[in-house]
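Colleague: Predicted model and sequence below, questions to follow.
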Amino acid sequence: DDCVYVKPEEKDQVSYIMRVRSMWEEEGEMQFRGQWLYRPQDTKGGMGAALHPREVLLSDWEDENPIACVQTKCHVVFLEQPPSEGKVEERFHYVCWRSYNVTSGRI
């Protein structure tokens, strides 16, 4: 699955990140269903939850959005376990190996 940067609601916010699950056309407009990725500072645990400087967390929250809100592709590598120090290739913007429950705030 590809990941993308999504336009934030406010201009002074950083772009959101989503993992694209599916795409389709509806009434002449492209739509996509995506799963949200959270930066540690955007979780209930805050930056103290970060275990890697480029870590993002795959949330359990999915929804549908117009393709027009996509800014560009974002490169995320998904791993089974934490990366060894310095072992994430530079071509990846982020690394993900943990999940985040939006309702409970648990990682």
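Modeller: That came through fine.

Colleague: Could you pull out the helices in this protein for me?
Modeller: Using DSSP state H, no helices are found in the chain.

Colleague: Flag the shaky bits of it, pLDDT-wise.
Modeller: Counting by pLDDT under 70, the ranges of the chain that qualify are 85-86.

Colleague: Residue 26 versus the residue sitting nearest the centre point of it, what's the distance?
Modeller: Nearest to the mean C-alpha position of the chain, by Cα atoms, centre = their mean, lies residue 37 at 2.6 Å. Distance check for residue 37 against residue 26: by Cβ to Cβ, to the nearest Å, it reads 24 Å. Where you see a C-beta, it was placed from the backbone N, CA and C, and this is true even at glycine.

Colleague: Looks like the residue nearest to the centre of the chain contacts residue 98 (just checking).
Modeller: No: using Cβ atoms under 8 Å, residue 37 is not in contact with residue 98, being 10.7 Å away.

Colleague: and residue 16, what are its bridge partners?
Modeller: residue 6 (DSSP bridges).

Colleague: got the contact list for it?
Modeller: 5, 6, 7, 8, 36 (Cβ atoms under 8 Å, 6 or more residues apart in numbering).

Colleague: What segments of this structure are strands?
Modeller: According to DSSP state E, the chain carries its strands in the segments 3-6, 16-26, 29-38, 55-66, 70-74, 76-78, 94-100.

Colleague: Now tabulate the ones you listed in JSON lines and tack on distance to residue 48.
Modeller: Listed next are the strands of the chain as JSON lines, based on distance: least, Cβ to Cβ, whole Å:
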{"stretch": "strand 3-6", "distance to residue 48": "24"}
{"stretch": "strand 16-26", "distance to residue 48": "20"}
{"stretch": "strand 29-38", "distance to residue 48": "14"}
{"stretch": "strand 55-66", "distance to residue 48": "12"}
{"stretch": "strand 70-74", "distance to residue 48": "24"}
{"stretch": "strand 76-78", "distance to residue 48": "22"}
{"stretch": "strand 94-100", "distance to residue 48": "14"}
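
Colleague: so how far is residue 71 from residue 93?
Modeller: According to Cβ to Cβ, residue 93 and residue 71 sit 13 Å apart.
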